[in-house]
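J.: Task: produce atomic coordinates for the following.
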Amino acid sequence: MRPAFTLAVVLSWLVMVGLLVRREVFPPALPEAPLPAGEPAEHDEWFTVSRDGRQVGHAHRVTSRTGDGQEFSEDLVLAFAMLGVPQRIATGLEAETDAQGALRRFRFTLVSPAATFTAAGTTDGRTLHVTYGPQGQTKDADLPLAEPIQLPSTVRPRVVAGDVRPGARWTVPVLNPLTLRSDALVTTVEARETVPGPDGPVEAIRIAEEQQGVRTHAWLAPDGTVLREDGALGFTLERTSRERAIADDASLAPVDLVAASRIPLDGRIDHPRTAARLALRVSGAAAGTIPDDPPRQRVDHGLVRIERETVPETAPLGPRDASLASYLAPAPFIESDDPAIVATAREVVGTERNATAAARALVDWVNAAVRKAPTVTMPSAREVLAARRGDCNEHAVLLTALARAAGIPARLAAGVMYVEGGFYYHAWTEVWLGRWVSADAVFRQLPADATHVKLVEGGPEQQAALAASVGGLAFAAEEVAR
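T.: Here you go, the predicted structure:
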């Protein structure tokens, strides 16, 4: 059975806001200064989204003045294939900011064949009040803010209004509506370059943007509009006319993001689902992003050693150390306090007080209850429980929520896993049984086999960092043991 992955969700958001990975070295940074206020401007921008010279989508951005601020909208259409199945997603963002660029309200929508996900909210600069989820199944949340947040696209015109010497740098908190959190966006001026524009060559300012370890590039015209964005997996956004952007909308060439994000392996791994030990020699620009996570995963001078954990026969359910409290608490997309989640966890676990046995029962139940299907949406445990379908992300968030509801500390992990000659992006769960133990409900594993290479830890708000590894890793098998 081939696993299905939802890397497309992350990549679609990266495309939409310009977070397209391209690894280069920043020039020496100048001391940071406050971001210039700038004058609210009005822009109407259309873009083609291409890969390998073929158009795979289009984007449209509009900025307009209000009485004391700006309104901003951004729409993206992207055609792709998952495991050979053509799909199309559309995302939309509407937002309002004040005169200083601080966010007041927003509404984000992601429409895919699987579901329509929305996130809408308002903020006073101290708290982000949001309503999120699929249509008819939304949930409210209040998220604290350390300071007012902004939008990446409305930051750019203020950059060109300030110091544009190479090395000029600003750090601004921005909204990521897919993950419902504030992220630090570091913008650095790199150089002046002449690039093609809709009406001829334009002397542009090339900037680099870094967010959650993902580095992107954009070329800005003197008025702050975007001429080009360049990045991972060969994706390119280019400014164009409306007519050209939508001319081939009905025949967009789908790109298979699963195949495009494959990490090659030199060597072979026989019987990967029963692998107990694995040693991989890692190379590539992103080799340094693989974390050392003992005792399961150890990294030493480019060699990654993974040893499948030994699961304790018994582990108690009950009160935990305070340091584990966050792994029992509900979170956006991991709604462990939802009545249906709580009821299901109680039904599956019953009177069992052995956390190991309870965890195995939950892994088995999720594996049997959730139909395996490629899905492009933001995985929410409540939604997965209702829909009973999804890929690795859906299995992982539901298992994590059910484990927390049952009193077992649990967290999400994401990385890559070996399937049919290469490594592909995958998500799974880790449960606390006196120590952290991997659990993969897609393959009914507790612990997960040794071909699971962990890259990040945490929910959707952390998994955007996976894009920093896209196209930047290669593996060679040095040892495999069952």
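J.: Measure how buried the nearest residue to Phe333 once chain neighbours are set aside is and give me the count.
T.: In space, and not counting its chain neighbours, Phe333 is closest to Ser380: 4.9 Å by C-beta to C-beta, 6 or more residues apart in numbering. For every residue, glycine as well, the C-beta is placed using N, CA and C. Residues lying near Ser380 (other C-beta atoms under 10 Å) number 28.
J.: Specify the beta-bridge partners of Gly415.
T.: On the basis of DSSP bridges, Gly415 is bridged to His426, Lys454.
J.: likewise Ser182?
T.: Beta-bridge pairing for Ser182 (DSSP bridges): Leu175.
J.: show me the contacts for it.
T.: Going by C-beta atoms under 8 Å, 6 or more residues apart in numbering, Ser182 touches Leu128, Leu145, Ala146, Ile149, Pro173, Val174, Leu175, Asn176.
J.: so which of those would you say is closest to Gly197?
T.: Of all the contacts of Ser182, the one sitting nearest Gly197 is Val174; the distance, using C-beta to C-beta, is 25.8 Å.
J.: hang on, that closest one packs against Pro152?
T.: Yes - with contact defined as C-beta atoms under 8 Å, Val174 counts as touching Pro152 (5.1 Å).
J.: and the helix or strand hosting Pro196, which residues are buried?
T.: Assessed by DSSP states H and E, Pro196 sits inside strand 181-197. Neighbour counts over strand 181-197 (16 or more other C-beta atoms under 10 Å) mark Arg181, Ser182, Asp183, Leu185, Val186, Thr187, Thr188, Val189, Glu190, Val195, Gly197 as buried.
J.: I would like the residues contacting the helix or strand Arg305 falls within, please.
T.: Assigned by DSSP H and E, Arg305 belongs to strand 303-307. Residues outside strand 303-307 that contact it (C-beta under 8 Å, 6+ apart): 276-282, 290, 295-299, 450-453, 478.
J.: One more pass at 7 Å, please.
T.: Taking contacts as C-beta atoms under 7 Å, 6 or more residues apart in numbering, the residues outside strand 303-307 that touch it are Arg277, Leu278, Ala279, Leu280, Arg281, Val282, Ile290, Arg296, Gln297, Arg298, Ala450, Val453.
J.: CSV for these, including secondary structure?
T.: Formatted as CSV, these follow (DSSP: H, G, I helix; E, B strand; the rest coil):
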residue, secondary structure
Arg277, strand
Leu278, strand
Ala279, strand
Leu280, strand
Arg281, strand
Val282, strand
Ile290, coil
Arg296, coil
Gln297, strand
Arg298, strand
Ala450, coil
Val453, strand
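J.: Pick the one among those closest to Thr97.
T.: Ranked by distance to Thr97 (C-beta to C-beta), the contacts of strand 303-307 are led by Ile290 at 37.9 Å.
J.: burial measure for that closest one, as a count.
T.: Applying other C-beta under 10 Å, we find 20 residues neighbouring Ile290.
J.: circling back to that earlier point, for the contacts of Ser182, pick the one with the most neighbours.
T.: Most surrounded of the contacts of Ser182: other C-beta under 10 Å gives Leu175, at 26 neighbours.
J.: isn't that one right next to Leu103, touching?
T.: Yes - counting by C-beta atoms under 7 Å, Leu103 is a contact partner of Leu175 at 5.7 Å.
J.: Nearest to Thr225 among the contacts of Ser182?
T.: Val174 (18.4 Å).
J.: on that earlier part again, check the contacts of strand 303-307 against Thr138 and report the nearest one.
T.: Of all these, Val453 has the smallest distance to Thr138: 35.1 Å, by C-beta to C-beta.
J.: how deep is the closest one tucked in, by neighbour count?
T.: If you count neighbours by other C-beta under 10 Å, Val453 ends up with 23.
J.: Likewise for Glu42?
T.: By other C-beta under 10 Å, 10 other residues sit near Glu42.
J.: Once you drop chain neighbours, what's closest to it?
T.: With C-beta to C-beta, 6+ apart as the criterion, Glu42 has its nearest non-adjacent residue at 5.1 Å, and that residue is Ser64.
J.: In the contacts of strand 303-307, find the pair that's most separated.
T.: Greatest spatial distance among these (C-beta to C-beta): Arg281 and Arg296, at 18.4 Å.
J.: Who has more neighbours out of the two?
T.: Between Arg281 and Arg296, counted using other C-beta under 10 Å, the more crowded position is Arg296 (20 against 17).
J.: Now do the contacts for the more buried one.
T.: By C-beta under 7 Å, 6+ apart, the contact list for Arg296 reads Ile306, Glu307, Glu309, Ser438.
J.: Having no further points to raise, I will conclude here.
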